[in-house]
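**Student:** build me a structure from this.
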Amino acid sequence: MSDLKDITGGTITQIGDVLQAQNALVEEVYTPDSRTGYIKISYLLPGEQGMVFTDLLQLNVGWNTILINQFNESISLCRILKGMTINAWFSPDLTDSTPPQSNAYRIVAFLPAPNIRVLVDRITYIDTQNGFLYVGNPQNIADQIRFVISNMTQILDQNNNSIPLDSLQAGQMIRVEYGDIMTASIPPQTSAFLVQVVTH
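**Tutor:** Numbers count the residues shown, from 1 in each chain. The predicted model follows:
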């Protein structure tokens, strides 16, 4: 594997002191805590006389590894599944194991577009500092949803005008469009794509 950096036309190249994998296929993911673990990837390795081989590499994911999706949003390791493709930047210091292992610096996972769900409910609480919006039963946190408000989230008033998060108030009725993938936390958390104030 010492010739990894010399691959021409393959999916792994060396950029300075870092190796980069492009469009590598995820073969296996292991994580004990949804944030650390490893990803095994396969990539094409050109051989002699135009033949192409497939080789494996294990990318070790630590707390310092940057994990994001194709929209530059932070994700957990458990969101990456077998069969997905990733781009990765990792250390050129490879182990002699089978497959070789390396520490990943940055991983970009190409996640499938989520299905859009729609919820109409009252605002329970707004955490403007951390960008969270809670809706549901104010008396029971298990009956709430925490929406992540990012710079990708569109917030509109009743007249379809863009408004900031801090202009919303607890008790207001809103319509939220969001993805169908939620965390298993209490309350469950997911990203909001659209938040709009509706008439009472």
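
**Student:** from now on I want contacts and neighbour counts done on CA atoms only, so please keep to that.
**Tutor:** Fine.

**Student:** what comes into contact with stretch 153-161?
**Tutor:** Contacts of stretch 153-161 with the rest of the structure, by Cα atoms under 8 Å, 6 or more residues apart in numbering, involve Ser162, Ile163, Pro164, Leu165, Ala192, Phe193, Leu194, Val195, Gln196, Val197, Val198, Thr199.

**Student:** residues contacting Thr36?
**Tutor:** Thr36 is in contact with Asn60, Val61, Gly62, Trp63, Leu77, counting by Cα under 8 Å, 6+ apart.

**Student:** any idea how far Ile41 is from the residue lying closest to Gly136 once chain neighbours are set aside?
**Tutor:** Setting aside the residues directly before and after it, Gly136 is nearest to Gln144 in space (Cα to Cα, 6 or more residues apart in numbering), at 4.3 Å. Using Cα to Cα, to the nearest Å, one obtains 38 Å as the distance from Gln144 to Ile41.

**Student:** outline the domain layout of this structure.
**Tutor:** The chain is divided into the following domains under automatic domain parsing: 4-109, 116-197.

**Student:** kindly check the end-to-end length of the shortest one for me.
**Tutor:** I take that to be domain 116-197. Its first and final residues considered, domain 116-197 spans 18 Å by Cα to Cα.

**Student:** got it, and stretch 153-169?
**Tutor:** Between the start and the finish of stretch 153-169 there is a gap of 17 Å, counting by Cα to Cα.

**Student:** might one say that the residue nearest to Gly136 is in contact with Ile123?
**Tutor:** No - Gln144 is not in contact with Ile123 according to Cα atoms under 8 Å; the separation is 9.6 Å.

**Student:** who has more neighbours out of the two?
**Tutor:** For Gln144 against Ile123, the residue with the higher neighbour count under other Cα atoms under 10 Å is Ile123, and the figures read 23 against 20.

**Student:** quick check, central residue of this structure?
**Tutor:** Among the residues of the chain, Ile75 comes closest to the average C-alpha position under Cα atoms, centre = their mean, at 3.0 Å.

**Student:** let me know the distance separating it from Leu25.
**Tutor:** When distance is defined by Cα to Cα, Ile75 is 18 Å away from Leu25.

**Student:** Ala184 now?
**Tutor:** From Ala184 across to Leu25, the span is 27 Å (Cα to Cα).
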